[in-house]
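Participant: with the input below, show me the fold.
(chains A, B, C and D)
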Protein chains: 2
Amino acid sequence: MVTTKEPVLRFSEALVRLAHLVQQVFGEVSREHDLTSQQAQLLCLLVDGPVGMSELTRALHLEKSSLTGLVDRAEKRGLVARTRDARDRRACHIELTCEGARIGVLAHEEVARRLDELAAELPLDQRDLLASAIAAILTRGRG
Amino acid sequence: MVTTKEPVLRFSEALVRLAHLVQQVFGEVSREHDLTSQQAQLLCLLVDGPVGMSELTRALHLEKSSLTGLVDRAEKRGLVARTRDARDRRACHIELTCEGARIGVLAHEEVARRLDELAAELPLDQRDLLASAIAAILTRGRG
DNA sequence: TATTGTTATACTCTATAACTATA
DNA sequence: TATAGTTATAGAGTATAACAATA
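Facilitator: Residues are numbered from 1 along each chain as shown, chains lettered A, B, ... in the order given. Modelled structure (predicted):
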């Protein structure tokens, strides 16, 4: 006898669709704050303090020249600023401007709010279980 | 007494990171098959048969002019073809070429394989639970 | 008039290759 | 020589607005 408990979606299919949904939410919120998804992602990476270009290329999985352009445009919009590293004068750090920090925090909070809302119908324990399972996958996928 | 059962990540944070991981896998596989992520996504949407432009804009959340460009480039690469709708001569359907179908299936299978692999360490029942929970989120998020 | 799709235009994002400045 | 970052260039992706053809 077939029960109703069998998974509706293949696991990988579920992941792909979920990723698209998250991407969409992220894109919508970004646009509402007049940011591109990539700019919003950059701002979110900088909320804990300045980060060097090299580290940013790793975190964003971008070529260094691509990052140069992204930072250029964000700088032109007054969202971030470059500061020279005093000890290694080749290097620089990227930091948020006041405006960049303000918008970055707003966008981050809004994304979090909408995603949490999506899971609002799941019981809390199942939500935590889901977060733990995802955490396990993430450590396997990268670090 | 604090147990080790508390969630490591906030739920929304977990979702965002998971989405980035999926996006990255999707992008890597696409590049290995000489596709952009968007082209691969288009091919995947067409594996079950031709789809009209309007329906594609909805599925991909793109403006119609953006889709025109995407289809143009995919057509130039011999991945898809336009066919006129006999009943409504304004409309057209996009279908895979043989080559497009071949590459699309290959890319799709490879993405699925790598994502399933990521979850290989989770016990099967937890994996199914995860897929079910994601399915619940997805129906809430869109349909 | 409304709808389907394309064209024109302007940005953004991204990569590769060559380059500058510093280490 | 090696590393950090930029510049030059080219192509892809995206949106807005105006347009053509059909309904």
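Participant: tell me the pLDDT of residue A:3.
Facilitator: Looking at residue A:3, its pLDDT is 50.
Participant: sorry, that was for residue A:98
Facilitator: Model confidence at residue A:98, expressed as pLDDT, equals 98.
Participant: near it, how many other residues are there?
Facilitator: The tally of other residues near residue A:98 (other C-beta atoms under 10 Å in any protein chain shown) stands at 8. For glycine as for every other residue, the C-beta is placed from the backbone atoms N, C-alpha and C.
Participant: settle this for me: residue A:49 is touching residue A:95, isn't it.
Facilitator: Yes - assessed by C-beta atoms under 8 Å, residue A:49 is found in contact with residue A:95 at 7.4 Å.
Participant: look at these two and report which has more neighbours.
Facilitator: Set side by side, residue A:49 and residue A:95 show unequal neighbour counts under other C-beta under 10 Å, the larger going to residue A:95 at 15 against 8.
Participant: not counting sequence-adjacent ones, nearest residue to the more buried one?
Facilitator: Spatially, and ignoring its direct neighbours in sequence, residue A:95 is nearest to residue A:50 (3.9 Å; C-beta to C-beta, 6 or more residues apart in numbering or on different chains).
Participant: my read: the one you found touches residue A:83, true?
Facilitator: Yes - contact status for residue A:50 versus residue A:83: in contact at 6.7 Å, counting by C-beta under 8 Å.
Participant: mutual contacts of the two, please.
Facilitator: The overlap between the contact sets of residue A:50 and residue A:83 (C-beta atoms under 8 Å, 6 or more residues apart in numbering or on different chains) consists of A:93, A:94, A:95.
Participant: which ones among those residues lie within strands?
Facilitator: Secondary structure of the shared contacts of residue A:50 and residue A:83 is defined by DSSP state E; positions in strands are A:93, A:94, A:95.
Participant: tell me how far stretch A:81-93 lies from the chain's centre.
Facilitator: Taking C-alpha atoms, centre = their mean, to the nearest Å, one finds stretch A:81-93 lying 24 Å from the centre of the chain it belongs to.
Participant: who touches that stretch?
Facilitator: Under the criterion C-beta under 8 Å, 6+ apart, external residues in contact with stretch A:81-93 comprise A:50, A:51, A:52, A:53, A:54, A:71, A:75, A:94, A:95, A:96, A:97.
Participant: ok, now which ones touch the residue positioned nearest the centre of chain A?
Facilitator: Within chain A, one residue has its C-alpha closest to the average C-alpha position: by C-alpha atoms, centre = their mean, that is residue A:41, at 4.6 Å. With contact set as C-beta under 8 Å, 6+ apart, residue A:41 has these partners: A:26, A:60.
Participant: going on from the strand or helix carrying it, what's the next piece of helix or strand?
Facilitator: With elements taken from DSSP states H and E, the one containing residue A:41 is helix A:37-46. Using DSSP H and E, the next helix or strand after helix A:37-46 towards the C-terminus is strand A:51-52.
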